[in-house]
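**Q** sequence unknown, structure follows:
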């Protein structure tokens, strides 16, 4: 399968509902990273809570000169186009981005958390950080982005690398079944949204 997709991740400000302060996308072709990526930081209206800053490392001073999301929506939409997206617990990205950019709806949304739960049923955890460490994928994500865990570029790349790692041993037919079941936007999954 040589389908082009974007692996995607957002970091929020800790508000309820959260505002996007960081958005990253990394391109995949045939489940492999292509090296093409885009990264934005935004200044939230509600500030960033210190508890969340300690997790992702983005503080108020880091986004003081960043644009408001509304000022660059056209750029974000141009990059995302009508392309399928991949993410770990991708529903979070869909919800947060969907609130901020009402016109955006990807053609598919592959949830690597669902893929991991299906293909690694005996693991006690399925969080992205845990799986990256367990499967020794963090180094590849760091090399691809220069970032660290909990940054949007790193987590987007790690989601892509995880998907490739989990799907590579499967036959083409099994891959398609897993992907279909992991697409939270498929008609079969639609009643859950």
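**A** Structure received. Since the model is a prediction, treat every value here as computed from it, not as a measurement.
**Q** quick one: contacts for residue 91?
**A** Counting by C-beta atoms under 8 Å, 6 or more residues apart in numbering, residue 91 makes contact with 109, 111, 184. Just so you know, the C-beta spots here come from the backbone N, C-alpha and C atoms, and that holds for glycine as well.
**Q** mind checking which of those residues are in strands?
**A** 109, 111 (DSSP state E).
**Q** relative to residue 35, which of the contacts of residue 91 is nearest.
**A** residue 109 (22.8 Å; C-beta to C-beta).
**Q** and that closest one, how many neighbours does it have?
**A** Applying other C-beta atoms under 10 Å, we find 23 residues neighbouring residue 109.
**Q** distance from the helix or strand of the chain with the lowest mean pLDDT to the middle of the chain?
**A** Lowest on mean pLDDT, DSSP states H and E among the helices and strands of the chain sits helix 73-80, with a mean of 90. Relative to its chain's centre, helix 73-80 lies at 16 Å (C-alpha atoms, centre = their mean, to the nearest Å).
**Q** which element follows the longest helix along the chain toward the C-terminus?
**A** Scanning the chain for the longest helix, with DSSP state H as the assignment, gives helix 152-167. Once helix 152-167 ends, the next helix or strand along the chain (criterion: DSSP states H and E) is helix 172-182.
**Q** could you pull up the mean pLDDT of that following helix?
**A** For helix 172-182, the per-residue pLDDT values average out at 96.
**Q** ok, now stretch 28-46?
**A** 94.
**Q** distance from the chain centre to it, please.
**A** Distance of stretch 28-46 from the chain centroid (C-alpha atoms, centre = their mean) equals 8 Å.
**Q** and that stretch, how far apart are its ends?
**A** 33 Å (C-alpha to C-alpha, to the nearest Å).
**Q** next: stretch 133-148.
**A** For stretch 133-148, by C-alpha to C-alpha, the gap between its terminal residues amounts to 12 Å.
**Q** start the count at 164 instead of 1 going forward.
**A** Okay, using 164 as the starting number, the last item reads as stretch 296-311.
**Q** which residues does that stretch contact?
**A** 187, 189, 196, 198, 200, 220, 286, 294-295, 312, 314, 316-321, 324-325, 328.
**Q** what helices and strands are in contact with the longest helix of the chain?
**A** Secondary-structure packing of helix 315-330 (3 or more C-beta pairs under 8 Å, 6 or more residues apart in numbering; DSSP states H and E): strand 167-175, strand 183-192, strand 195-204, strand 248-250, helix 275-282, helix 291-297, helix 301-308, helix 335-345.
**Q** okay, these in a markdown table with distance to residue 260 and mean neighbour count next?
**A** Below are those laid out as a markdown table (distance: least, C-beta to C-beta, whole Å; neighbours: other C-beta atoms under 10 Å):
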| stretch | distance to residue 260 | mean neighbour count |
| --- | --- | --- |
| strand 167-175 | 7 | 24 |
| strand 183-192 | 7 | 24 |
| strand 195-204 | 11 | 16 |
| strand 248-250 | 9 | 28 |
| helix 275-282 | 17 | 20 |
| helix 291-297 | 18 | 18 |
| helix 301-308 | 19 | 18 |
| helix 335-345 | 18 | 15 |
